[in-house]
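Trainee: Sharing a model that was predicted from the sequence below.
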Amino acid sequence: METICIFAGASVGNRKIYAETAKDLATSIIDHDYKIVFGGGSVGLMGILADAALDAGGHITGIITEQLNGIEVGHKGLSELVIVETMHDRKKEMAQRSDAVVCLPGGVGTWEEFLESLTWNQLGLQSKPIILLNLDDYYTLLSQFVEHSVAEGFLPRSTANELIFVNSIAEAIEQLQQYVPKDKANWFKRLQE
């Protein structure tokens, strides 16, 4: 595992822990000799994450659309900034450049990104850990909804188990280090598990 994709909000949120954790996560990932790929933004938790990774001497690549870069939210000091045409291209490029996903709190864009990544795991298109930092219970209701969806027969247990909820950066790093990729073949059989 070499590169971690970080999904994070373009806002800072209402609690100090979100910004503090974005800084600490970037530093910890760099300290563990991983590279980072993210959405390329200079604002919100994305900007805080990028600044901290650069301050720690790490390699961080941003992937941003022409539209977002055009309104000057693209981070100007990254190791590499890749400008793509569409949001679909953006997610595809982040997926191709990463070995794992770690999610800070965020809104609909962040949700959509990690849920699509989970879908790709389910379909056998990739096998990556998808780790959600559940800071101050930010993702607790989602965790409960995941269990509800399993109980209602819409989400396979095997897929639910691939959405990893953790409460600290230390737990996230441990999950990255211990992750064993799943067999991507025969995805339909795994849906029955």
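Mentor: That came in fine, so what should we check first?

Trainee: Strands along the chain, start to end?
Mentor: Secondary structure of the chain (DSSP state E): strands at 3-7, 35-38, 60-65, 80-84, 100-103, 130-133, 163-166.

Trainee: I'd like the ones you listed as CSV, with mean neighbour count, mean pLDDT and distance to Asp24 appended.
Mentor: Glycine gets a C-beta too; all of them are placed from N, C-alpha and C. What follows is the strands of the chain, written out as CSV (neighbours: other C-beta atoms under 10 Å; pLDDT from 0 to 100; distance: least, C-beta to C-beta, whole Å):
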stretch, mean neighbour count, mean pLDDT, distance to Asp24
strand 3-7, 24, 97, 12
strand 35-38, 25, 97, 13
strand 60-65, 24, 94, 15
strand 80-84, 16, 94, 23
strand 100-103, 26, 97, 12
strand 130-133, 23, 97, 10
strand 163-166, 19, 97, 13
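
Trainee: now these in CSV, with distance to Ala26?
Mentor: Shown next, in CSV, are the strands of the chain (distance: least, C-beta to C-beta, whole Å):
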stretch, distance to Ala26
strand 3-7, 8
strand 35-38, 7
strand 60-65, 8
strand 80-84, 16
strand 100-103, 10
strand 130-133, 12
strand 163-166, 16
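
Trainee: Would you mind saying which of those lies nearest Val146?
Mentor: strand 163-166 (6.1 Å; C-beta to C-beta).

Trainee: Note down every partner strand of that closest one and its orientation.
Mentor: Sheet pairing for strand 163-166, assigned by DSSP bridges, gives strand 130-133 (parallel).

Trainee: if we can go back for a sec, what's the closest of the strands of the chain to Thr110?
Mentor: Closest of the strands of the chain to Thr110 is strand 3-7, at 4.8 Å (criterion: C-beta to C-beta).

Trainee: Contacts for that closest one, please.
Mentor: Here strand 3-7 makes contact (C-beta atoms under 8 Å, 6 or more residues apart in numbering) with 25-26, 29, 34-39, 49, 61, 94-95, 97-104, 106, 110, 113-114, 117, 176.

Trainee: ok, now with 6 Å
Mentor: Outside strand 3-7, the residues that touch it by C-beta atoms under 6 Å, 6 or more residues apart in numbering are 29, 34-38, 49, 94, 97-103, 110, 113-114.

Trainee: quick one, helices of this protein?
Mentor: 16-31, 44-55, 66-70, 87-96, 108-122, 140-151, 157-160, 169-178, 187-191 (DSSP state H).

Trainee: mind listing what the nearest residue to Val102 once chain neighbours are set aside touches?
Mentor: In space, and not counting its chain neighbours, Val102 is closest to Ile131: 4.7 Å by C-beta to C-beta, 6 or more residues apart in numbering. Ile131 makes contacts with 102, 164, 166, 172, 175, as judged by C-beta under 6 Å, 6+ apart.

Trainee: mind redoing it with 10 Å?
Mentor: Ile131 is in contact with 4, 100-103, 114, 163-166, 171-176, 179, counting by C-beta atoms under 10 Å, 6 or more residues apart in numbering.

Trainee: Please consider this matter closed, and thank you.
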